[in-house]
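K.L.:
sequence first, then the predicted structure, then my questions.
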Number of protein chains: 2
Amino acid sequence: MDPRFINTIPSLRYDDDKCDDEYAFVKALCMSGGDGANSYSANSRLQKKVLSMAKPVLVRNTEEMMMNLDFPTYIKVAELGCSSGQNSFLAIFEIINTINVLCQHVNKNSPEIDCCLNDLPENDFNTTFKFVPFFNKELMITNKSSCFVYGAPGSFYSRLFSRNSLHLIHSSYALHWLSKVPEKLENNKGNLYITSSSPQSAYKAYLNQFQKDFTMFLRLRSEEIVSNGRMVLTFIGRNTLNDPLYRDCCHFWTLLSNSLRDLVFEGLVSESKLDAFNMPFYDPNVQELKEVIQKEGSFEINELESHGFDLGHYYEEDDFEAGRNEANGIRAVSEPMLIAHFGEEIIDTLFDKYAYHVTQHANCRNKTTVSLVVSLTKK
Amino acid sequence: MDPRFINTIPSLRYDDDKCDDEYAFVKALCMSGGDGANSYSANSRLQKKVLSMAKPVLVRNTEEMMMNLDFPTYIKVAELGCSSGQNSFLAIFEIINTINVLCQHVNKNSPEIDCCLNDLPENDFNTTFKFVPFFNKELMITNKSSCFVYGAPGSFYSRLFSRNSLHLIHSSYALHWLSKVPEKLENNKGNLYITSSSPQSAYKAYLNQFQKDFTMFLRLRSEEIVSNGRMVLTFIGRNTLNDPLYRDCCHFWTLLSNSLRDLVFEGLVSESKLDAFNMPFYDPNVQELKEVIQKEGSFEINELESHGFDLGHYYEEDDFEAGRNEANGIRAVSEPMLIAHFGEEIIDTLFDKYAYHVTQHANCRNKTTVSLVVSLTKK
């Protein structure tokens, strides 16, 4: 086999722009693997809560898909951005359970179901796959059925599935990750994301990248999903409609910026290193989301809901514990990127700072961050 | 979710027999992961050689499948027992290349291709998935095409794919692994597999387990593969037709038995520990293989070839290096099981002994071990 097969550098990118070596850390965009104390698998209570919030929409769309497609004998489901561990299976379980309950209710045979769990090739699929036998055992006990579980490694900003093969797509807390840090991000030094002190150009660069990425996502999925197939997508979004720069004072990236600035102040991180780090992330509002979907044109919007968002505070009365929980949650989703850019040695200190900053905002009530749930039907 | 989802013990088994706790090490049946010095990925030159031997059969069957199915626009291929690393992609590459060259030759559009890489859930899929971007880049350079790569974790002694979904199945050096150690293995103490000193009952127990497993394999695959779909399977087999116990003196399991007995002699392993260890492995001869296929009845045999087998000697003139190579090759396929049963501390010493035993057989020429390549068409 050609030696290039071994030596080529992987890329998250779907376009042919010049390689952004300055943002090499984006290649480390994946959740922390394994099942240790700082892993995504052990720090994803928020994701569970988010799924339970989106569950009614997911159940309704699964049922409608089955009925509109006249109870197919074979169903292929994709979970995009599944990450690692048991959480990969939560939505899939709800989907299969919904299908089986519905089929029983209307006296139809349950279909055979392929479940494709997607994430980037660097994701820890090994930890997820170890749960497959338990998952199918659980399905057998509760549903007297099973499914075929596959891993689908790749960026959802590229084609992942063959033409007209999918019936249902679910994605939770993944699509706010962009394919890359926007180009032309200037004068946003000291911040790793948009804040009130950012220039308008930073907002425009981020919005532009989101529009480009999400349009590409919809176009790719429209090729893969059958007509009348459904998508249920949950994003981190924002509820502000006017000032596009405004984020509340306890926004998680603002607190992470503050924590990194503490380390700059203490001489543990150089100012230029911090300036060179920006999150490949965007939190759209309802209008921005709707506009991209309508402009792309392949999907009909069924519902678009906005829900409250709470990082770790919802199950702790103790401020210190709440700070620690939120720090662990943010660490689990950002650690590989932070290590790739800043090195491993600052991480523990960084999230101690983060937990402290959270405690300083215990009484903030003016939250701009929300969860957006949108369900779509392929035209 | 039900706590049983977390606490249940996985099983390689497809039947409901009582759990064989005495053979708990079988649950560790997978190749050594990662890409370190003792990994499967770094010690699989033999597997590459075997694939190049089976390549003409694979190419011919791929071409015939495409022509007999009248050039489908979508093809689903499965690689069963893919193990980890680059080798997972070798056969898949040949298959896709064959399809594309053929389509170009007869002026047809290339199909979209799903490639499902299967192995047990404990396999190191992470190492394999990291190669997916390189693999598709290589395909783009050489074939101007790509494919969709999936991981399919599970035992091939259970259903892995939905009904009538596969067009081509390939498996190399995987099906000689049984689903479990045969029951009723008595009076075979001091050996981890059949040798000339084993009782006839050991042979019967192993043959019976192989017949049961391979029949199950064929029945399951016959449900998954379309009519006129093809399978190309390569086994480790034997070329003896009369004495079913006879294996040559330098058979790899005989040398591993000898090495373990050395450790018993040196007090590093207890005799009872060795007696309790048997390989979940069988090396059928051509007749035994043919008989199971014909009796099961779902597949037509196209060709059944027997090829020479050489573990590490073929590329080394130096006896010491040859011994080391063979030891590394056998270590890569057996280490997880050996560690699960004997513990990690004996492994280095064990394979030093093994390498030494190989050098003592440098001039053996009477080889009973062969590679069997069989190609089948679904009726």
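P.N.:
Ah, there it is.

K.L.:
pull the contacting residues for A:E223.
P.N.:
Each residue near A:E223 by Cβ atoms under 8 Å, 6 or more residues apart in numbering or on different chains is listed here: A:159, A:163-164. For glycine as for every other residue, the C-beta is placed from the backbone atoms N, C-alpha and C.

K.L.:
where does chain A have low pLDDT?
P.N.:
Scanning chain A for pLDDT under 70 picks out A:1-44, A:311-317.

K.L.:
strands of that one, start to end?
P.N.:
Using DSSP state E, the strands of chain A run over A:74-80, A:112-119, A:148-153, A:166-172, A:225-238, A:299-307, A:369-378.

K.L.:
picking up where we left off before, closest to B:N107 out of the contacts of A:E223?
P.N.:
Nearest to B:N107 among these is A:R163, at 21.1 Å by Cβ to Cβ.

K.L.:
in TSV: the strands of chain A, plus mean neighbour count.
P.N.:
Converted to TSV, the strands of chain A look like this (neighbours: other Cβ atoms under 10 Å in any protein chain shown):
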stretch	mean neighbour count
strand A:74-80	23
strand A:112-119	24
strand A:148-153	25
strand A:166-172	25
strand A:225-238	23
strand A:299-307	15
strand A:369-378	22
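
K.L.:
in TSV: those strands, plus distance to A:M216.
P.N.:
Converted to TSV, the strands of chain A look like this (distance: least, Cβ to Cβ, whole Å):
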stretch	distance to A:M216
strand A:74-80	13
strand A:112-119	15
strand A:148-153	17
strand A:166-172	14
strand A:225-238	14
strand A:299-307	14
strand A:369-378	15
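
K.L.:
what about those strands, which gets the closest to B:G237?
P.N.:
Among the strands of chain A, the nearest to B:G237 by Cβ to Cβ is strand A:148-153 (30.2 Å).

K.L.:
could you dump the closest one to CSV, C-alpha only?
P.N.:
In CSV, the C-alpha atoms belonging to strand A:148-153 read as follows (Å, rounded to 0.1, in the frame of the first residue of the first chain):
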residue,chain,number,x,y,z
PHE,A,148,-27.4,-3.9,15.2
VAL,A,149,-25.0,-1.3,16.6
TYR,A,150,-22.3,0.2,14.4
GLY,A,151,-19.7,2.9,14.9
ALA,A,152,-19.5,5.4,12.1
PRO,A,153,-16.2,7.4,12.5
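
K.L.:
show me what contacts the residue nearest to A:T62 when sequence neighbours are not counted?
P.N.:
Closest residue to A:T62 apart from its sequence neighbours, by Cβ to Cβ, 6 or more residues apart in numbering or on different chains: A:T98 at 4.4 Å. Contacts for A:T98 (Cβ under 8 Å, 6+ apart) come out as A:58-59, A:62-63.

K.L.:
between these, which has the most around it?
P.N.:
A:T62 (25 neighbours; other Cβ atoms under 10 Å in any protein chain shown).

K.L.:
picking that back up, can you select the buried ones from the contacts of A:E223 in PyMOL?
P.N.:
Buried subset of the contacts of A:E223, written as a PyMOL selection, criterion 16 or more other Cβ atoms under 10 Å in any protein chain shown:
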select buried, chain A and resi 159
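
K.L.:
make TSV out of the contacts of A:E223 and add distance to chain B.
P.N.:
Converted to TSV, the contacts of A:E223 look like this (distance: Cβ to the nearest Cβ, whole Å):
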residue	distance to chain B
A:R159	7
A:R163	6
A:N164	9
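
K.L.:
how about the contacts of A:E223 in TSV, adding distance to B:T128?
P.N.:
Output for these, formatted as TSV (distance: Cβ to Cβ, whole Å):
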residue	distance to B:T128
A:R159	20
A:R163	25
A:N164	27
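
K.L.:
out of the contacts of A:E223, who's nearest A:K353?
P.N.:
A:K353 lies nearest to A:R159 out of these, by Cβ to Cβ, at 41.1 Å.

K.L.:
what about the residue nearest to the closest one when sequence neighbours are not counted, neighbour count?
P.N.:
Closest residue in space to A:R159, ignoring its immediate chain neighbours: A:L220 at 5.5 Å, by Cβ to Cβ, 6+ apart. Neighbour count for A:L220, taken as other Cβ under 10 Å: 19.

K.L.:
ok, A:L220 touching A:F161?
P.N.:
No: A:L220 is beyond contact range of A:F161, at 9.0 Å (criterion: Cβ atoms under 8 Å).

K.L.:
just confirm A:R159 contacts B:F148, I think it does.
P.N.:
Yes: counting by Cβ under 8 Å, B:F148 is a contact partner of A:R159 at 7.5 Å.

K.L.:
burial check on A:L218, number of neighbours?
P.N.:
20.

K.L.:
wait, isn't it in contact with A:K295?
P.N.:
No: using Cβ under 8 Å as the test, A:L218 is too far from A:K295 to be in contact (9.3 Å).

K.L.:
do I have it right that A:S172 meets A:K49?
P.N.:
No: the criterion here is Cβ under 8 Å, and A:S172 misses it with A:K49 at 10.7 Å.

K.L.:
quick one: common contacting residues for those two?
P.N.:
Listed as contacting both A:S172 and A:K49 by Cβ under 8 Å, 6+ apart is no residue at all.

K.L.:
and the residue of the stretch 251-379 of chain A found nearest chain B, how far is that from A:S155?
P.N.:
Closest to chain B within the stretch 251-379 of chain A is A:P336: 13.4 Å, counting by Cβ to the nearest Cβ. Applying Cβ to Cβ, to the nearest Å, the value for A:P336 to A:S155 is 15 Å.

K.L.:
higher neighbour count, these two?
P.N.:
For the pair A:P336 and A:S155, the greater number of neighbours falls to A:S155 (24 against 20), based on other Cβ under 10 Å.

K.L.:
up against chain B, what does the stretch 51-200 of chain A have?
P.N.:
A:74, A:86, A:90, A:93, A:112-114, A:116, A:121-126, A:129-135, A:137-138, A:141-142, A:148-154, A:159-163, A:165 (Cβ under 8 Å from any Cβ of the partner chain).
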